[in-house]
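Sharing a model that was predicted from the sequence below.
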Amino acid sequence: MITIAALYHFTRFPDPSAIKGPLARLCCAQGVKGSLLLAGEGINGTIAGPRAGIDAVLAHIRALPGCADFEWKEATTDTMPFGRMKVRLKREIVTMGQPDVDPRARVGHYVDPADWNALISAPDVAVIDTRNDYEVAIGTFEGAVDPGTHSFGEFPAWWEANKERFHNKRIAMFCTGGIRCEKSTNWLLQQGVEEVWHLKGGILKYLEEVPEGESLWQGGCFVFDQRVAVGHGLAPTGHLMCHACRRPLEPADTARPDYEDGVSCHHCIGEFDDARRARFRERQRQIVLAEARGARHLGAEE
């Protein structure tokens, strides 16, 4: 059984590059794979591996400056969802592009999953999905507003253009695991919004704790590994991923004329030139050859 741990924590790392090497080496030594981002503002990522390996990595992270109380979410799977371990240095652990945003200073009110339904059902509450459009497309909360953003960095401009729609409303925000709401709620508070709330632990915690019969969630929740999307109880939903554009697909989407395995889908058919598609086809050919040998081609994750 493979344990998956999704985590983030905002803290001040004066020198993230000094953290990278030891963390990467420990993950590799413990058989842990996945992706971790390090920046001056903290750490973010998802890792998977044997129980003992995950425990060793989590203990290492807890010992980092300011991380003694960091939290994470877990799930299990029968197969390893990652092909390699990547530890990367970034300017932000989730890119919003607003240098004055600091979740360590102030964020919105946390709402436990058990209390979320009552909040978002209130008539004076506007519910905003802070995720990207391709994530919202496969699942969201009933009645939630979709900003239609292609990246999180577009959210501040969307809010500025649409804020009058939410006059005299309480704002409830949610995202996959909670990290985007840490920044977006801090930003809205800076903009003068008085009552801002966000789902503690994100969609993943809600799907883990709230029974399906009581749930207001509709569809699947996109996750950034080879499960692609999960539903209630964090069970995989059967969604697929286009390995050209990394967007999630319904199984029926593979029957569309624009779909070519590893090369294109109906979302990205006009986004890449012939040279890029030729490279995608060669990568897909190598993936098929690797599978025939019983191996895994790492290019499938790129």
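Everything's here; your move. Note that the structure is a prediction, hence the values are computed from the model and not measured.

What segments of the stretch 151-300 of the chain are helices?
155-162, 179-190, 202-209, 274-292 (DSSP state H, counting those that start in this stretch).

Sort out which residues of the second one are buried, please.
By that I understand helix 179-190. Ile179, Arg180, Cys181, Glu182, Lys183, Ser184, Thr185, Asn186, Trp187, Leu188, Leu189 (16 or more other Cβ atoms under 10 Å). Heads up, the C-betas are built off the backbone N, CA and C, glycines and all.

looking at the helices of the stretch 151-300 of the chain, which is closest to Val136?
Nearest to Val136 among the helices of the stretch 151-300 of the chain is helix 202-209; the distance by Cβ to Cβ comes to 10.9 Å.

what's in contact with that closest one?
Residues outside helix 202-209 that contact it (Cβ atoms under 8 Å, 6 or more residues apart in numbering): 6, 73, 75, 113-114, 116, 174-179, 181, 199, 201, 215, 217, 221, 223, 230-234.

how about that helix: buried residues?
Neighbour-count burial for helix 202-209 flags Gly202, Ile203, Leu204, Lys205, Tyr206, Leu207, Glu208 (criterion: 16+ other Cβ under 10 Å).

My reading is that Ile54 is in a strand; is that accurate?
No - counting by DSSP: H, G, I helix; E, B strand; the rest coil, Ile54 is not found in a strand; it is helix.

Can you tell me, leaving aside adjacent residues, what's nearest to it?
Distances taken as Cβ to Cβ, 6 or more residues apart in numbering place Thr3 nearest to Ile54, at 4.7 Å, with adjacent residues excluded.

how is this protein carved up into domains?
Following automatic domain parsing, one gets these domains for the chain: 2-89, 109-219, 241-301.

Can you lay out these as JSON lines showing mean pLDDT?
Shown next, in JSON lines, are the domains of the chain (pLDDT from 0 to 100):
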{"stretch": "domain 2-89", "mean pLDDT": "96"}
{"stretch": "domain 109-219", "mean pLDDT": "96"}
{"stretch": "domain 241-301", "mean pLDDT": "87"}
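
show me the contacts for Phe280.
Phe280 sits next to His243, Ala244, Gly262, Val263, Ser264, Phe272 when contact means Cβ under 8 Å, 6+ apart.

burial count for the nearest residue to it once chain neighbours are set aside?
With sequence-adjacent residues excluded and distances taken as Cβ to Cβ, 6+ apart, Phe280 is closest to Val263, at 4.5 Å. By the measure other Cβ atoms under 10 Å, the count of residues near Val263 is 22.

Please identify the helix or strand for Ser35.
Ser35 is part of strand 33-39, with elements assigned from DSSP states H and E.

Output the contacting helices and strands for that strand.
Counting contacts by 3 or more Cβ pairs under 8 Å, 6 or more residues apart in numbering; DSSP states H and E, strand 33-39 packs against helix 16-29, strand 42-49, strand 85-89.

pretty sure Val127 is in a strand, no?
Yes - secondary structure assignment places Val127 in a strand (three-state DSSP).

Contact partners for it?
By Cβ under 8 Å, 6+ apart, the contact set of Val127 is Ile120, Phe141, Gly143, Ala144, Val145, Ala172, Met173, Phe174.

buried subset of these?
Among these, those classed as buried by neighbour count (16+ other Cβ under 10 Å) are Ile120, Phe141, Ala144, Val145, Ala172, Met173, Phe174.
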